[in-house]
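>>> Whatever this is, show me its structure:
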Amino acid sequence: MNTKTDFILKAKDIFSTLTLSKVELGPDIRKIEAAGGLIELEVYKTDKIEKIVFCFINIFDSGVIEATALAWPNDQYNFPVLWCNLTIVPTVMNVPVFDFIPLEDIVMQPEYADQYLDKLCELRSKALSVFGDTVIDKAVDLPSKTVYSLSPFSLVAMISDEGIPSVPKVAEEYISAYIEMSKNAVPISNERAKERSISKKMAVRGLMKANDPGYPFMVDVFGEERTRRVFDIVF
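Numbers count the residues shown, from 1 in each chain. Just a heads-up that it's a prediction; the model follows:
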């Protein structure tokens, strides 16, 4: 088993504890093969979660691998977006990202942070403990405006090659906590709060889509039309 892709396999395994419905994608987008790379996509939905995305991207010439698991709550709920990501640039960096992206302003609505983000501090500390001595930098500057959307307890680290096999274990912790949180979530009763949450979710989608540093490299390999379609599905 390839430790570089075990993360997505583990993510799918943990999410499979929910009753999932597969979102059918056309064969031309479910698996995109080009001379210079490969993209594999799977999308599911379940109660309270409108979209769970598993995406694997490999750019052959550079050896770059990006593996992503994203979960977007449906419009009736405002619990956070789950973002789990592993980017590998051989001989340069291995960067895992784990976070619950809030769908409320946690300064204006501190009770939201109390309800949904408190667990993140513990998860982050535990993750760094799991990675142990393989952590090269536990607070990497993510080169993307996507950082505007992250929680204060996001984990964006740099690890050595020896730390890659630990990524699935960390993913298991975050996803298990996220599933428990989603199970306990109740619909938004306040219409104004619901509108706020939906607007924030749309803004997060737009921010992530517009600022992914891998976009131009994917366009070079897969073309703009297919790359745009992939981004529309993922985000």
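>>> Which element, helix or strand, includes residue 14?
Assigned by DSSP states H and E, residue 14 belongs to helix 6-15.
>>> Give me the residues contacting that helix.
For helix 6-15, the external contacting residues (Cβ atoms under 8 Å, 6 or more residues apart in numbering) are 1, 42, 44, 52, 54, 56, 67-69, 71, 84, 86, 165, 167-169, 171-172, 175-176, 179. Where C-beta positions appear, they are placed from N, C-alpha and C, glycine not excepted.
>>> Give the pairing partners of the helix or strand that contains residue 94; include direction for each.
Using DSSP H and E, residue 94 sits in strand 93-101. Applying DSSP bridges, strand 93-101 is found paired with strand 81-89 (antiparallel), strand 155-156 (antiparallel).
>>> the inter-axis angle of it versus helix 6-15?
20 degrees (axes from the mean of the first three to the mean of the last three Cα atoms, to 10 degrees).
>>> Just give the nearest non-adjacent residue to residue 90, would you?
Closest residue in space to residue 90, ignoring its immediate chain neighbours: residue 63 at 4.2 Å, by Cβ to Cβ, 6 or more residues apart in numbering.
>>> I figured that neighbour hits residue 92, correct?
No: Residue 63 is beyond contact range of residue 92, at 9.6 Å (criterion: Cβ atoms under 8 Å).
>>> quick one on the thing from earlier: the residue nearest to residue 90: neighbour count?
12 (other Cβ atoms under 10 Å).
>>> before we move on, could you check phi and psi at it?
phi 80, psi 10 (degrees, to the nearest 10).
>>> what stretches of the protein score poorly on pLDDT?
Scanning the chain for pLDDT under 70 picks out 1-5.
>>> and the residue nearest the centre of it, bridged to which residues?
Of all residues in the chain, the one closest to the mean position by Cα atoms, centre = their mean is residue 83, 2.4 Å from it. Note on residue 83: beta-bridge partners by DSSP bridges are residue 70, residue 99.
>>> close enough to count as contact, it and residue 96?
No: checked against Cβ under 8 Å, the pair residue 83 and residue 96 is beyond contact range at 10.8 Å.
>>> quick one on the thing from earlier: residues contacting the residue nearest to the centre of the chain?
Counting by Cβ under 8 Å, 6+ apart, residue 83 has contacts 68, 70, 97, 98, 99, 100, 101.
>>> Dump those to TSV, plus distance to residue 134.
Shown next, in TSV, are those (distance: Cβ to Cβ, whole Å):
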residue	distance to residue 134
68	21
70	25
97	16
98	15
99	20
100	23
101	25
